[in-house]
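Participant: Please find the sequence and the predicted model below.
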Amino acid sequence: MTSTTGRKTRRAGFTLLELILVMVVICTVLAMAAPSLRGFFGSRKTADESARILALIQYARSQAITEGRVYRLNFDMDQGHYWLTAQDGSAFEKLKIEFGRVFAFPEGTTGQWDDQLDDATKSYIEFHPTGRADAAVIRLTDRQGKAFDVQCLSPTERFRILSPRQEENG
């Protein structure tokens, strides 16, 4: 390009070499950070699963009150599965909606009951039409040992999630 004075002007911008150098620096920083992020995503899946359990609990409680029948959130801790059922006469049947499907814990996540509250052999939480629910603590633990408790310490309280950070601080 020439200017009105007849001299050549240079266009502003980056050269290919500068762009490649910036990309190399970015890739190096990401390569160093990637191993530390691996554990983050595993814990995030466990936290998300505890939130899904809490959502099913809230759904079961509200449906029990609305429909006037008992609901159960069933757990198979050995297989890492859980599902909702509702009382139909004298039997409990799986729900025929999305909430009735069998959910699975994420890979590497284990679940267990806190046996200090109730019968350790129990495999469900029951929700009654009166709004009461069984007191329970369900602990989900990821591969790195981070635990998330979904808990309700008395029949009249609401369930909540207690994360590792909250557990340490009281």
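Facilitator: It's in. Numbers count the residues shown, from 1 in each chain.
Participant: Wait, a helix at Ile53?
Facilitator: Yes. The assignment for Ile53 (DSSP: H, G, I helix; E, B strand; the rest coil) places it in a helix.
Participant: number of nearby residues for it?
Facilitator: Using other Cβ atoms under 10 Å, the number of residues around Ile53 comes to 23. (C-beta placed from N, C-alpha, C; glycine too.)
Participant: How about the one 4 residues further on?
Facilitator: As a burial measure, the neighbour count of Ile57 was computed by other Cβ under 10 Å and equals 23.
Participant: list the buried ones in the single longest strand found in the chain?
Facilitator: When the chain is parsed with DSSP state E, its longest strand is strand 81-88. Within strand 81-88, the residues that count as buried by 16 or more other Cβ atoms under 10 Å are 82-87.
Participant: Is Ile161 bridged to anything, and to what?
Facilitator: Following DSSP bridges, Ile161 is listed with bridge partners Val150.
Participant: quick one: contacts for it?
Facilitator: By Cβ atoms under 8 Å, 6 or more residues apart in numbering, the contact set of Ile161 is 47, 50-51, 54, 148-151.
Participant: helix, strand or coil for Gln79?
Facilitator: Gln79 - assigned by three-state DSSP - is coil.
Participant: ok, Trp113 touching Met77?
Facilitator: Yes. Between Trp113 and Met77 there is a contact under Cβ atoms under 8 Å: 7.0 Å.
Participant: higher neighbour count, these two?
Facilitator: Neighbours per residue (other Cβ under 10 Å) separate Trp113 from Met77, with Trp113 holding more: 19 against 15.
Participant: What distance do you get for that one to Phe99?
Facilitator: Distance, Trp113 to Phe99, using Cβ to Cβ, to the nearest Å: 22 Å.
Participant: Could you give the number of residues near Asn125?
Facilitator: One correction, residue 125 is Ile, not Asn. 26.
Participant: What of Val29?
Facilitator: Residues lying near Val29 (other Cβ under 10 Å) number 10.
Participant: that older thread, which single one of the buried residues of strand 81-88 is nearest to Ser163?
Facilitator: Ser163 lies nearest to Tyr82 out of the buried residues of strand 81-88, by Cβ to Cβ, at 19.4 Å.
Participant: Need the pLDDT of that closest one.
Facilitator: Per-residue pLDDT puts Tyr82 at 94.
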